[in-house]
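1. sequence plus predicted model, see below.
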Amino acid sequence: MRERKVKLDHITFVAVLIACSHVGLVEEGQEILKSMEPDHGIPPHMEHYACVVDLFGKAGRLYDAKALIELMPFKPDAMVWKTLLGACRACGNIELATQVASHLLELEPEEHCTYVLLSNMYGHLRRWDEKASVTRLMREKGVKKVPGWSWIEIKNEVHAFNAEDQSHTHCKEIY
């Protein structure tokens, strides 16, 4: 892109950082984030930081991801924290996950995903008291888990369903 003098924009950097994350180019991704403003005049946005948090997370460098979040020039949004929470889950780091979840619960106390992920992590670790605590907190705050839906198109007709859905006309054949 440099040789062809392609004009870069913030979306170009999102794509490059995502590519770095997918192939594990941690140091390169970190350098690209650092070079955005001084070399290209493009200040990093929230999504650029989220990409590098993801990059660190996939490499198992959770505390580097957390340090990056703490050094961001603006307050991290839920997307950034959710990215780190997902990495904590993938790496099995419940201590950091608990810290991250507290930030998310401040930002989005009504969002069920944080509670469910944390509860599932506690369950996986057989920490039943903590799992029960999270479930109780959900109930106290009136937060309900929203089921995920899937869609499939067959012969130009779209069918929507969720797990163990029995409402479809062909459910006996499906299950």
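-> Received it, and whenever you're ready, just let me know what you need. Numbering: from 1, shown residues only.
2. so which bits of stretch 5-18 are buried?
-> Phe13, Val14, Val16, Leu17, Ile18 (16 or more other Cβ atoms under 10 Å). Backbone N, C-alpha and C define where each C-beta goes, glycine included.
3. format the residues you listed as a markdown table; extra columns: distance to Leu118.
-> A markdown table is the format used below for the buried residues of stretch 5-18 (distance: Cβ to Cβ, whole Å):
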| residue | distance to Leu118 |
| --- | --- |
| Phe13 | 32 |
| Val14 | 28 |
| Val16 | 32 |
| Leu17 | 27 |
| Ile18 | 26 |
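4. which residues in the chain form strands?
-> 149-154, 157-162 (DSSP state E).
5. out of the ones you listed, which comes closest to Arg61?
-> When the strands of the chain are compared by Cβ to Cβ, strand 149-154 sits nearest Arg61, at 33.2 Å.
6. quick one: that closest one to strand 157-162, angle?
-> With axes from the mean of the first three to the mean of the last three Cα atoms, to 10 degrees defining the directions, strand 149-154 sits at 160 degrees from strand 157-162.
7. identify the residues contacting strand 149-154?
-> Strand 149-154 is contacted from outside by Val158, His159, Ala160, Phe161, Asn162, using Cβ atoms under 8 Å, 6 or more residues apart in numbering.
8. which among the residues you listed count as buried?
-> The buried subset of those (16+ other Cβ under 10 Å) comprises Phe161.
9. looks like Met138 contacts Leu117 (just checking).
-> No. Met138 is beyond contact range of Leu117, at 11.8 Å (criterion: Cβ atoms under 8 Å).
10. now mean pLDDT and distance to Leu105 too, for the strands of the chain, in CSV please.
-> Converted to CSV, those look like this (pLDDT from 0 to 100; distance: least, Cβ to Cβ, whole Å):
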stretch, mean pLDDT, distance to Leu105
strand 149-154, 82, 25
strand 157-162, 78, 25
